[in-house]
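Enquirer: Next input, structure requested:
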Amino acid sequence: MLDFQPLFLGLAPLSVGTLLYALNSRKKWLARVALVGMLVSMLIIMVFQYLDYKHLEDCLLKGEVYTPLSQHCIKLRE
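Expert: The predicted structure is shown next:
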């Protein structure tokens, strides 16, 4: 299964860089596109945070520990 999270999270710095370029070159349309990109990236980050906390809650309810790097639950003791 492909993980698109790093690709989506890369949208935020790309949008900031585009906004800086657009403001420096006085291109209003590009600045608007960059602001929309920043808004979309903010919404995506909020969704990923919600899903991460949801996985944490599910693991804790099962008596396990959630590891965010591997994105699965680990049972520490029987």
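Enquirer: ok, now which ones touch Ile74?
Expert: By CB atoms under 8 Å, 6 or more residues apart in numbering, the contact list for Ile74 reads Glu64, Val65, Tyr66, Thr67. Heads up, the C-betas are built off the backbone N, CA and C, glycines and all.
Enquirer: And the third one, how close does it get to Ala22?
Expert: What that stands for is Tyr66. In this view, Tyr66 and Ala22 are 40 Å apart by CB to CB, to the nearest Å.
Enquirer: just to revisit the earlier point, any idea which of the contacts of Ile74 is closest to Asp58?
Expert: Tyr66 (7.8 Å; CB to CB).
Enquirer: ok so the closest one is a helix residue?
Expert: No. Secondary structure of Tyr66 (DSSP: H, G, I helix; E, B strand; the rest coil): strand, not part of a helix.
Enquirer: Okay, and the residue nearest to it when sequence neighbours are not counted sits in which element?
Expert: In space, and not counting its chain neighbours, Tyr66 is closest to Cys59: 3.8 Å by CB to CB, 6 or more residues apart in numbering. Using DSSP states H and E, the element containing Cys59 is helix 28-61.
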